[in-house]
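Undergrad: Predicted structure and sequence below. I'll ask about it afterward.
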Amino acid sequence: MVYARTRQHAHELIDRMAPGQVSAVVGLLEIMLDPLAHTLANAPFDDEPETEGERKAVAASKAWLEEQPGQGIPHEDVLAELGLRPEDFERLGRIPLPPAPPSSGR
């Protein structure tokens with residue numbers, strides 16, 4: 001009985017929200033219901049600049065893929081190894097990230 005009242009109250013509150021607020025609440029609910037999305041949303045922002053070695057490694061891998069047609073690993077296979085489907089990957093890309101923390105001025 002308490003659950004039904006709480007659920008009804010949530011619906012009433014959502015009905016009173018502006019469209020932007022509803023969108024934010026939906027994003028929050030999706031994160032609450034999907035632990036992977038929650039983890040990704042709370043991951044620290046990678047602001048380290050790419051090194052020259054990393055740039056060279058990426059260029060070498062792209063060149064190798066062009067020289068070896070059909071030898072790369074399909075994206076769907078990589079996602080499956082991580083327990084994801086392509087639609088999961090697409091949905092995670094639409095989840096808004098929290099704002100970056102303020103710079104510490106180091």
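TA: Perfect, I can see it now. Residues are numbered from 1 along each chain as shown.
Undergrad: residues touching the residue nearest in space to the middle of the chain, list them.
TA: What sits nearest the mean C-alpha location of the chain, by C-alpha atoms, centre = their mean, is residue 92, with 3.5 Å. Counting by C-beta atoms under 8 Å, 6 or more residues apart in numbering, residue 92 touches 36-37, 40. In this view, the C-beta of every residue, glycine as well, is placed from N, C-alpha and C.
Undergrad: ok, of these, which come out buried?
TA: residue 37 (16 or more other C-beta atoms under 10 Å).
Undergrad: Does the worst-scoring helix or strand of the chain on mean pLDDT pack against any helices or strands, and if so which?
TA: When each helix and strand of the chain is scored by mean pLDDT, DSSP states H and E, helix 35-41 comes last, with a mean of 74. Under the contact criterion of 3 or more C-beta pairs under 8 Å, 6 or more residues apart in numbering; DSSP states H and E, helix 35-41 touches helix 19-33, helix 86-94.
Undergrad: Does the longest one pack against any helices or strands, and if so which?
TA: It stands for helix 19-33. The helices and strands touching helix 19-33, judged by 3+ C-beta pairs under 8 Å, 6+ apart, are helix 35-41.
Undergrad: what residues does the helix or strand just after the helix it packs on touch?
TA: Per DSSP states H and E, the first helix or strand lying C-terminal to helix 35-41 is helix 52-67. With contacts defined as C-beta under 8 Å, 6+ apart, helix 52-67 is touched by 71-72.
Undergrad: Helix 52-67: which residues count as buried?
TA: By neighbour count with 16+ other C-beta under 10 Å, helix 52-67 contains no buried residues.
Undergrad: and the gap between residue 27 and residue 94?
TA: Counting by C-beta to C-beta, to the nearest Å, the separation of residue 27 from residue 94 is 9 Å.
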